[in-house]
Each structure stands twice: as C-alpha cells, then as structure tokens.
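Peer 1: Could you look at this predicted model? Sequence included:
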Amino acid sequence: MRAVTMIFLILGMLLVHGTNAELQRFEHPTKADGSLTALVIGDWGRKGQYNQSEVAYQMGVTAEKMDVDLIISTGDNFYPGGLSDVNDPAFDESFTKIYTAPSLQQQWYTVLGNHDYRGDALAQLSPVLRGKDGNWFCMKSYILNTDVAEFFFIDTTPFQDKYFNDPEDEVYDWRGVLPRDKYLSTLLQDLESALKESRAKWKIVVGHHTIKSAGIHGNTQELVQKLLPILEANDVDLYINGHDHCLQHISSSDSPLQFLTSGGGSKAWRGYYDWPNAKEMKFYYDGQGFMTMQIAGGDVDINFYDIFGNILHKWSASKTFFSQI
C-alpha cells in the first residue's frame, strides 16, 4: 500500500491545478471497499515532552484497531520555532523517533502552523525530508483527492494580521508569501474555484488556525471574514484545525458546516473556555488527545480520544448521493 501511495503522490506532483502551484492535486487510494480512515493530530512536535510520546503510543494502538489509511497533521509540527533547516535533528526527535508504531507508518499529510513559520518554513516542504522519512508530506496549500472525499489543505498563518503587525519579537519566514495581499487573494480564488468544481461526496478543509473556538485563541476573525463565507457557499462539510491545544466540536448555526479542533498532540491544559452558544458547542476537552475520521460512501464518523484511548465524543452524519449521468 505504501508503494502505491507514493506512486499516487509522485504522479500528483505533476498535476498542477490552475495557475497557483500552492494548490497542486494529489491522490490517495481508499480501501478495497471504497472506505477511508484517517487519524488527525495537531500541535505535537516537542521531542516527546508534554505527553507527546504517550499520545503517540495511543495513536498507534487506535490506528492499528481501525486500520488507518492516512494521518493528517493540523500544524505546529515543531516547537518552539519550527525547523532551523533540513538537517535540524528536531525532525527525527519530534517525528520519526516518536511515531514509531507500525500502524502509524502511513502517509502524513501536514500543513504549517504559526510556530513552523518561526523557523525555516521551506525546510518542512523540502523533498529532503521526504527522503529522510517517506511518511512525511508537507506543502503550504494543496488538495488531496480520494474516491470518497476531497481534502483541501490551506495555509492559514498568513491570514492573521498580528503576525505581520505585532510579531511579538518573533521572526517569521515569509518567503513565498510576500506580497501578502496577492498571496491570499490567489489562494482564496483558487480554493473557491476548486470547491465549486468539486463533485466529492465529502468536502473537508484542513488548516492550522481556528475559525470558531472556545479555546484561548478564540475565533480567528480574518478567517471568519475571508474564508468562512467561501466554505459555507460551497457546501463544505468539515473544517478541521489545530492551534488551540484542545479537542473540540462546534456545530454551525448557519450551515451544515462542522468545526473540529484536534490540537492536543502535546502541551495542553490551558484552563480556558469561552463560548456563548450552548447549542453550538457539542464537545470541548481541555487536554491531550487526537481525532479519527471514518468515511464510507455517504457516512462519516468522527471520534475524539484522550491520552488513555477513551472515546470522549462521537459524531456521525449521513448523506444520500445520486449517481450522475
């Protein structure tokens, strides 16, 4: 299966969608029955500390039980300041040597978080890292096609004004992002076009930053203003993110869109919660853990797990699809 997946990825790298190389399309095979199982983790890269190793162990146990096909990282892959370069030992110390379970030796589809931008952001995109560990795959923005769902990975860090106006004495690697306005407008246009063209059974958008969150970072207003209307207008089913170090499920009052946070890969327990609408808040856990997603035809099942493998929250949805002639 790994060899087949790599062939799909290599072929996908040759298929550039539109004029923006950030939105290349890649393919990942489903199981023989057409189903797909993914594990989702975010905010993890701390060289095993803050219970990262313990979360990784439980991820391996759960992934084996569920026969996981791929793993999604919602960003902040390496703390505190990303990677210094492609030879940074943190890559091995926080990734290869931590997620060692056989069941986790699948393709990891990752995006960059704000902490990743504080180092050499381009290092994480380099084929050098894929050469070191074939499980690793990272781009700023891209599309992953499967037979049952389409995943749109979006680079959310450049949307936030504060990283440009009030950088908190941090230096960010904006290579490939500047001029910012053009970068964001092109990304949004290409995303909107791709979503309109999509005939996927399930449309899933993945980014690092929250759109809606009761955690300490709260809503990301720039995404609420610029990204959310595009997701709602194009019938996106799930928005999956990290950034807040918690597990969370918020249901939209305005559309079927669900907001799912999986940012409990290591340091957590912020002790903060603020959400005014009790009907929207389906689940909040201020601790470490991860999320799984099973998609089979018109059914999707989401589970949130804590560090001990307990299922804290379940959510399911179904659709009826008609074949198109």
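Peer 2: Right, received. Where do you want to start? Numbers count the residues shown, from 1 in each chain.

Peer 1: gap between the spatially most central residue of the chain and L178?
Peer 2: Most central in the chain under CA atoms, centre = their mean is T74, positioned 3.1 Å from the mean C-alpha point. Distance, T74 to L178, using CB to CB, to the nearest Å: 24 Å. For the C-beta atoms, the positions are set from N, CA and C on the backbone; glycine is no exception.

Peer 1: Counting neighbours, which bits of stretch 138-147 end up buried?
Peer 2: 138-147 (16 or more other CB atoms under 10 Å).

Peer 1: same thing with stretch 250-261?
Peer 2: For stretch 250-261, using 16+ other CB under 10 Å, the buried residues are 250-252, 257-261.

Peer 1: Can you redo these as a markdown table, where the extra columns are distance to F164?
Peer 2: A markdown table is the format used below for those (distance: CB to CB, whole Å):
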| residue | distance to F164 |
| --- | --- |
| I250 | 27 |
| S251 | 32 |
| S252 | 29 |
| L257 | 28 |
| Q258 | 30 |
| F259 | 25 |
| L260 | 28 |
| T261 | 24 |
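
Peer 1: Format the residues you listed as CSV; extra columns: distance to G289, pLDDT and secondary structure.
Peer 2: Converted to CSV, the buried residues of stretch 250-261 look like this (distance: CB to CB, whole Å; pLDDT from 0 to 100; DSSP: H, G, I helix; E, B strand; the rest coil):
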residue, distance to G289, pLDDT, secondary structure
I250, 17, 98, strand
S251, 20, 96, strand
S252, 23, 90, coil
L257, 23, 97, coil
Q258, 18, 98, strand
F259, 17, 98, strand
L260, 12, 98, strand
T261, 11, 98, strand
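
Peer 1: quick check, nearest of those residues to Y172?
Peer 2: Distance to Y172, by CB to CB, is smallest for T261 among these, at 22.9 Å.

Peer 1: show me the contacts for the closest one.
Peer 2: 42, 210, 213, 215, 240-244, 246-249 (CB atoms under 8 Å, 6 or more residues apart in numbering).

Peer 1: Could you list the low-confidence segments of the stretch 1-150 of the chain?
Peer 2: 1-22 (pLDDT under 70).

Peer 1: Could I get the full set of strands for it?
Peer 2: For the stretch 1-150 of the chain, strands defined by DSSP state E, counting those that start in this stretch occupy the ranges 24-27, 36-41, 70-73, 107-110, 136-138, 142-145, 150-154.

Peer 1: For N310, find the nearest of the ones you listed.
Peer 2: The closest of these to N310 is strand 36-41. By CB to CB, the value is 15.8 Å.

Peer 1: returning to that earlier point: return the distance of the residue nearest to the centre of the chain relative to D33.
Peer 2: Look at T74 and D33: by CB to CB, they are 27 Å apart.

Peer 1: still on that earlier bit, which two among the buried residues of stretch 138-147 are spaced furthest apart?
Peer 2: Pairwise over the buried residues of stretch 138-147, using CB to CB, the maximum falls at K140 and D147, 25.3 Å.

Peer 1: which parts of the helix with the most length in the chain are buried?
Peer 2: In the chain, taking DSSP state H as the definition, the longest helix is helix 180-197. Neighbour counts over helix 180-197 (16+ other CB under 10 Å) mark 183-184, 186-188, 190-192, 194-195 as buried.

Peer 1: would TSV of those residues with distance to L70 and pLDDT be doable?
Peer 2: Output for the buried residues of helix 180-197, formatted as TSV (distance: CB to CB, whole Å; pLDDT from 0 to 100):
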residue	distance to L70	pLDDT
Y183	27	97
L184	28	98
T186	27	97
L187	23	98
L188	26	98
D190	23	97
L191	21	98
E192	25	97
A194	20	97
L195	21	97
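
Peer 1: how far away is Q258 from D166?
Peer 2: From Q258 to D166 the distance is 31 Å (CB to CB).
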